[in-house]
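>>> All I have is the shape, not the residue letters:
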């Protein structure tokens, strides 16, 4: 059966960084889902005095801070959730007293804006925090990204989460999102719920034909673990397709579906904290991958030392705790959720090579 591309069932509004407000027939205003945040999430006033004494900083950190203070601020582009941005901004400014200005964009918008600025040689962005590491590689090939070793903490970062150009600083595991009004399961051991006929027509997901490569590894890992027939069975479930992850999880919250894979734990948490009936499940005995968030620095940004300070902050314990209140820390930082035991890094190259196959198997 063909997947359903749902239109007209909900009123959907979207702002420039892809936040979605929805109104369903059953749950209009009760969930607190309406109202998009402003695009520019920066404080327009001074950051204020640092609350962390400089004596508590490492020597490399102190050296970077002295240089960053002369530059006055750091401008960061990100696709991260607002809750993450808020925690990161407060933590960075409290620690250093340097203004952090954050522009939230979805991955496609981020790539378009950064590319336009770079091609015009008018860099406004100092650093990027993005859930699509492949973009960093593309930018680096064009000479737009500086080496991540400019941030001192990179010297101790695990090699498997480090490239010449970026560091993976947060991992958002691919989860099974459920609407708790419609689903009573509280734990799963594997991903078999996705093939259970009782959920036919009740699974929401992202339309792979409308998104970038970063969405494909979630399905690639299921294919590697269970084979093509597993994906074909999912493809018979009359998947309800939406144009982005935020749209999908909002539809889950509104009751347009009972299950959502691959569900962002951070987006789901932001809704459940507002009272939405959304919960995420991770299997206890199955491979798990996730969206990996990379930090990288512009080669020609206007505030290069502040960019290094920001990238460095993302790799120290305090930054890891700010970034990973819901997502997992790649270094299991104290106070941050650890990586799932069966976590496997996404294979972007393989997923890119098999895009058409994955779309076909899932009948999208």
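Structure received. Fair warning: this is a prediction, and the values are worked out from it, not measured in the lab.
>>> what's around the residue nearest to residue 288 when sequence neighbours are not counted, how many residues?
Nearest non-adjacent residue to residue 288, counting by Cβ to Cβ, 6 or more residues apart in numbering: residue 340, 4.6 Å away. All C-beta atoms are positioned from the backbone trio N, CA, C, and that covers glycine. When neighbours are counted by other Cβ atoms under 10 Å, residue 340 registers 20.
>>> in the protein, which helix has the most residues?
helix 82-96 (DSSP state H).
>>> Distance from that helix to the middle of the chain?
Its chain's C-alpha centre and that of helix 82-96 lie 16 Å apart, by Cα atoms, centre = their mean, to the nearest Å.
>>> I'd like to know which elements the helix or strand that it is followed by is packed against.
Downstream of helix 82-96, the first helix or strand assigned by DSSP states H and E is strand 99-104. Under the contact definition 3 or more Cβ pairs under 8 Å, 6 or more residues apart in numbering; DSSP states H and E, strand 99-104 sits against strand 73-78, helix 82-96.
>>> Among those, which comes closest to residue 59?
When these are compared by Cβ to Cβ, helix 82-96 sits nearest residue 59, at 14.9 Å.
>>> what's in contact with that closest one?
Helix 82-96 is contacted from outside by 19, 37, 41-43, 47-48, 50-52, 65, 68, 78, 80, 98-100, 102, 104, 129, 170, 266, 269-270, 273, 309-310, 313-314, 318-319, 321-323, 325-327, using Cβ atoms under 8 Å, 6 or more residues apart in numbering.
>>> quick one: contacts for the residue sitting furthest away from the middle of the chain?
In the chain, residue 55 marks the outermost C-alpha relative to the chain mean, sitting 33.5 Å out by Cα atoms, centre = their mean. Shown in contact with residue 55 (Cβ under 8 Å, 6+ apart): no residues.
>>> Check which residues of stretch 109-122 are buried.
109-111, 113-114, 117-118 (16 or more other Cβ atoms under 10 Å).
>>> Turn the residues you listed into a markdown table, including distance to residue 234, secondary structure and pLDDT.
Formatted as a markdown table, the buried residues of stretch 109-122 follow (distance: Cβ to Cβ, whole Å; DSSP: H, G, I helix; E, B strand; the rest coil; pLDDT from 0 to 100):
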| residue | distance to residue 234 | secondary structure | pLDDT |
| --- | --- | --- | --- |
| 109 | 29 | helix | 88 |
| 110 | 30 | helix | 92 |
| 111 | 29 | helix | 91 |
| 113 | 35 | helix | 95 |
| 114 | 34 | helix | 96 |
| 117 | 40 | helix | 96 |
| 118 | 39 | helix | 95 |
